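Trainee: Have a look; sequence and predicted model below, questions after that.
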Amino acid sequence: MKSFRHRLLITLLVWIGMMLAGLFIVVHQLLPIYANAENKTEIWLVLFFAFFLALLFSAIVGSRIIEVNIKPIENATETAMELVKGNYRARASESNAQASVELSRTINVLARNLQEITAVRVMEQERLKTLIENMGSALIMIDRQGAVSLVNKPFLEEFELSTENTLGKFYKEIHVPYELEDFIENVFMTETHSRAQIEFMSGLNLKNLNVYGAPVIGEHQRWLGIVIVFHDITELKRLEQIRKDFVANVSHELRTPVTSIKGFSETLLDGAYKDTDTLLSFLEIVHTESNRLEMLINDLLDLSNVEQSGFEVKAQPTEMKAVIKRAVEMIQPKINEKSIGLKLEIKPVTVYGDANRLIQVIMNLLINAVTYSGNNTEITIRLFVKDNQAVIQVEDQGIGIESSEIGRLFERFYRVDRARSRNSGGTGLGLSIVKHLIEAHHGKVEVDSAVGVGTTFTIYLPLAS
């Protein structure tokens, strides 16, 4: 740039020198001619005119030089200023001037490179933002001053926070559970990796989080802050507890009939078989316990089958009235034992379902109603159409269910009255099977109950098209 300026200055000086030299030559030639002239005014007019022409010519030549050499440089300077401001779309005009064409081309190459780098950076930032926002785990990043610098949507939703009330705030001011706050403080103060499982109450529910914290290290091992990632494992904990309860319940339910069968059979083998009354009594108990064991195994197999991934029912147009009557016929002996009245309010309805599975559903609901109903009460079965769905209701006048226990009715082995259920030979799996079979039919089941009044199970099934 300096050499160009020097060349431009030298060029202008040469032009001015040439103009002055030309003017000197003109004056030198004109002086002898007008040396004897009495009126010197004409000489000065000629000199002034010649000087004006010289200035005009110099101005034209100078403006041309400026246009060719200075303007491209000014344009390149303006383009560079735009690049400094972050406008990487700016381009310098490439003129024919040898002195500036290389500069303009270099600036344009730089601008294109910066634009490409910026585009790649923006794309990577969008990808990172999308990844952080849509990851299954909640994330929060805290800078070295303790202020929240980054937070994703799952984190905000978990604690019902907003971006405005979180970003830039000190991490102790964002009102997260104190268990999580203690974990964050520990990672922040020690600047080390840490992992933990924490529990806290969210309203009336117990929440479980698997939390991982790590320091954020920049260039030259500079500590920039910490990042905390956590995943809600409440459902996993619940399923783990259900699995443990299931194993414990299965072991207990199997042990009871097996112990009875073993104990009475050993007593018979020890000589009790010689007493005919004792023999018949013990054999009846063994037979009852064997039936109970068989029922439990069958229910376990049924439940295992319907809980398998990909389980489907063999659905087809099915007359629900016939299904209900068939189920009633099979449960009628149990109904008669308690002198329970059965009231049918049934309308012809065709559903899209598996007849055998639906018979199993109605039987389980009727068995449940009979089990928890007293003698000389009444069970009502209704069948009608509502909102383009088939509705089946089984209403009893039994002991009813506490509202706090309704949510657990469909758990495996859960019983409202354990003693009554076991005495009746129930396995505690019937309602769980009902729930899975109804869901397999793309329907739903609801429960409405009042203690001492009775319980109503309502099933919604799709109609046959």
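Mentor: Good, I have the coordinates.
Trainee: can you count the residues close to Tyr372?
Mentor: Neighbourhood size, Tyr372 [other Cβ atoms under 10 Å]: 24. From N, CA and C alone the C-beta is placed, and that goes for glycine too.
Trainee: Let me know the distance separating the spatially closest residue to it that is not a sequence neighbour from His231.
Mentor: Closest residue to Tyr372 apart from its sequence neighbours, by Cβ to Cβ, 6 or more residues apart in numbering: Gly398 at 3.8 Å. Gly398 sits at a distance of 42 Å from His231 (criterion: Cβ to Cβ, to the nearest Å).
Trainee: okay, those two: which has more neighbours?
Mentor: Per other Cβ under 10 Å, whichever of Gly398 and His231 has more neighbours is Gly398, with 24 against 16.
Trainee: Name all residues that make contact with the residue nearest to Tyr372.
Mentor: Applying Cβ atoms under 8 Å, 6 or more residues apart in numbering to Gly398 gives the contacts 369, 372-374, 377, 454-455.
Trainee: Moving C-terminal from the helix or strand that Glu266 is a member of, which element do we reach first?
Mentor: Assigned by DSSP states H and E, Glu266 falls within helix 234-269. Counting by DSSP H and E, the next helix or strand C-terminal to helix 234-269 is helix 276-306.
Trainee: So which bits of that next one are buried?
Mentor: Neighbour-count burial for helix 276-306 flags 282, 285-286, 289, 292-293, 295-296, 299-300, 302-303, 306 (criterion: 16 or more other Cβ atoms under 10 Å).
Trainee: And stretch 433-453, by the same measure?
Mentor: 433-438, 440-441, 443, 445, 447, 449.
Trainee: how about these, which pair is most distant?
Mentor: Within the buried residues of stretch 433-453, Ala440 and Ser449 form the most distant pair, 24.4 Å apart (Cβ to Cβ).
Trainee: Any stretches of the stretch 251-400 of the chain with poor pLDDT?
Mentor: Flagging of the stretch 251-400 of the chain using pLDDT under 70 yields the residue ranges 252-253, 299, 306-311.
Trainee: Look at Val229 and report its pLDDT.
Mentor: Model confidence at Val229, given as pLDDT, is 91.
Trainee: I meant to write Met141 there.
Mentor: Met141 carries a pLDDT value of 89.
Trainee: One more: Ile107?
Mentor: In this model, Ile107 is scored at 80, pLDDT.
Trainee: re the thing from before, out of the buried residues of helix 276-306, which is nearest to Val258?
Mentor: Nearest to Val258 among the buried residues of helix 276-306, counting by Cβ to Cβ, is Leu293 at 6.9 Å.
Trainee: List the residues that contact the closest residue to that closest one other than its chain neighbours.
Mentor: Spatially, and ignoring its direct neighbours in sequence, Leu293 is nearest to Pro257 (4.3 Å; Cβ to Cβ, 6+ apart). Listed by Cβ under 8 Å, 6+ apart, the contact set of Pro257 reads 289-290, 292-293, 296.
Trainee: what about Ala196, distance to Tyr212?
Mentor: Separation of Ala196 from Tyr212 (Cβ to Cβ): 8 Å.
Trainee: What residues sit buried inside the strand or helix carrying Met363?
Mentor: Met363 belongs to helix 355-371 when assigned by DSSP H and E. Using 16+ other Cβ under 10 Å as the test for burial, helix 355-371 gives 355, 357-371.
Trainee: List the buried residues of the helix or strand where Thr118 lies.
Mentor: Thr118 belongs to helix 98-134 when assigned by DSSP H and E. Buried residues in helix 98-134, defined by neighbour count with 16+ other Cβ under 10 Å: 99-100, 103-104, 107-108, 111, 114-115, 132.
Trainee: Please compute how far the helix or strand that that helix is followed by lies from its chain's middle.
Mentor: Downstream of helix 98-134, the first helix or strand assigned by DSSP H and E is strand 138-143. On the basis of Cα atoms, centre = their mean, to the nearest Å, strand 138-143 sits 17 Å off its chain's mean C-alpha point.
Trainee: got a list of contacts for strand 138-143?
Mentor: By Cβ under 8 Å, 6+ apart, the residues outside strand 138-143 that reach it are 132, 148-152, 154-155, 158, 171, 184, 188, 216, 224-232.
Trainee: Among the contacts of Gly398, which ones are in strands?
Mentor: If you go by DSSP state E, the contacts of Gly398 have 454-455 in strands.
Trainee: Now list the buried members of the contacts of Gly398.
Mentor: The buried subset of the contacts of Gly398 - by 16+ other Cβ under 10 Å - is 369, 372-373, 377, 454-455.
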